[in-house]
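Enquirer: Provide a 3D model corresponding to the input given below.
(4 chains)
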2 protein chains.
Amino acid sequence: MQTSIIEEVRVFNRFYTDFIGLLNQYLLDSAYSLTEARIIYEIFTAGNIQASQIMEIMHIDKSYLSRILKRLEKEGIIEKRKSIQDARGITITLSKKGRQVFEHLNRASNEQVEKLLTPLKSTEAEALAFHMKAIVKILKVHS
Amino acid sequence: MQTSIIEEVRVFNRFYTDFIGLLNQYLLDSAYSLTEARIIYEIFTAGNIQASQIMEIMHIDKSYLSRILKRLEKEGIIEKRKSIQDARGITITLSKKGRQVFEHLNRASNEQVEKLLTPLKSTEAEALAFHMKAIVKILKVHS
DNA sequence: AAATATAGTTGACTTTGTCAACTATACAGA
DNA sequence: TCTGTATAGTTGACAAAGTCAACTATATTT
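Expert: Purely as a prediction, here's the structure:
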């Protein structure tokens, strides 16, 4: 492996960590933390999901997740019920309120990305998406 | 702005947040947190630097930074001295030990990236670096 | 010289995340 | 079927990370 490639990856990581930080910074004004928002996203996307699956997807500690889910349930964002196939597990779904919250967060997140992209020419924006897709494709196979 | 581009950026952000998390996870075994490691990196790269500059580069709270620098000084990693041009400010440099710590962290970080890239064919790795460079170029101008 | 701004420090606090112990259920093998 | 082991989730106790406001000291502006 060439060291120049490793170096480029590290340059990119520093740069993109900042970029994501910049994006997220504004979303943090919402009532939900980034982790919560991501959890809500995963539940929405899956339709219904097991807590253990969220753990696996997000590489998040189970006690931490458990507490977050407890809070979200208390706020009426999610519903938990015993899993039918496995009585140890709980199946989680978004409540109606939860879906509304998701829509709100989703819109805010779209707007945030859009704002950061507006200075770009449309050809640049398209190129950006192209390069991103390519990176995901390269890295995804091997993880 | 096309919604498909926004969506692709968001897909990428989720994916890459995970990827960076994966990378960093192992570095956390070191005696230094990610933020500390990044601060050490910035001091090394700049040669000598003002605390306020680190704040600006890293978008980090000044009280938080102040405390981290205090700790690093106590451990003999950095040296602080009153800035010559501005007596309010402090100029920070790495001590000899600090440079050793940097080299260690730097090597560990390189190895970590390398490990994640080994499954890639060399053409893929090169393509990866190419796409990364392109993204930085597109986004950098406008920030 | 007075008012205002900037650099950094400190105290008090909140949020985020971790670790180990525990309960309950599932599963695999003797 | 009993036994041991693994998995799902919860809880308590704690540690790490980050924030906010007040403060000192110096610089800058008017």
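Enquirer: for the rest of this, base every contact and every neighbour count on C-alpha atoms.
Expert: Noted.
Enquirer: shouldn't residue A:93 be within a strand?
Expert: Yes. Assigned with DSSP: H, G, I helix; E, B strand; the rest coil, residue A:93 falls within a strand.
Enquirer: quick check: it touching residue A:50?
Expert: No. Residue A:93 lies out of contact with residue A:50 (CA atoms under 8 Å); the separation is 9.0 Å.
Enquirer: of the two, which one has the most company?
Expert: residue A:93 (22 against 18; other CA atoms under 10 Å in any protein chain shown).
Enquirer: residues touching that one, list them.
Expert: Counting by CA atoms under 8 Å, 6 or more residues apart in numbering or on different chains, residue A:93 touches A:43-44, A:47-49, A:78-80.
Enquirer: which ones among these lie within helices?
Expert: Under the assignment DSSP state H, the contacts of residue A:93 contribute A:43-44 to helices.
Enquirer: any idea how far residue A:11 is from the residue sitting nearest the centre point of chain A?
Expert: Nearest residue to the geometric centre of chain A (CA atoms, centre = their mean): residue A:38, 3.8 Å. Distance of residue A:38 to residue A:11, computed by CA to CA, to the nearest Å: 26 Å.
Enquirer: helix or strand: which one has the residue nearest to the centre of chain A?
Expert: helix A:34-46 (DSSP states H and E).
Enquirer: does the longest helix along chain A come close to chain B?
Expert: Assignment by DSSP H gives helix A:3-27 as the longest helix of chain A. Yes. Remark: helix A:3-27 sits within contact range of chain B at A:5-10, A:12-13, A:15, A:17-18, A:20, by CA under 8 Å from any CA of the partner chain.
Enquirer: and these, which is the shakiest by pLDDT?
Expert: Ranked by pLDDT, the residues of helix A:3-27 next to chain B bottom out at residue A:18 (84).
Enquirer: what's the neighbour count on that one?
Expert: 15.
Enquirer: which residue, other than its chain neighbours, is closest to residue A:65?
Expert: residue A:55 (7.2 Å; CA to CA, 6 or more residues apart in numbering or on different chains).
Enquirer: tell me which parts of chain A are close to DNA strand D?
Expert: A:50-53, A:62-67, A:69-70, A:88-91 (CA under 7 Å from any atom of the strand).
Enquirer: residues near residue A:3, how many?
Expert: 10.
Enquirer: can you pull the residues of chain A lying near DNA strand C?
Expert: A:33-35, A:60-61, A:63-64, A:85-88.
Enquirer: and which of those is nearest residue B:125?
Expert: residue A:60 (28.7 Å; CA to CA).
Enquirer: just the pLDDT for the closest one.
Expert: On the pLDDT scale, residue A:60 gets 94.
Enquirer: surely it forms part of a strand?
Expert: No. Per three-state DSSP, residue A:60 lies outside any strand segment and is coil.
Enquirer: and for residue A:87, the neighbour number?
Expert: Residue A:87 has 10 neighbouring residues, counting by other CA under 10 Å.
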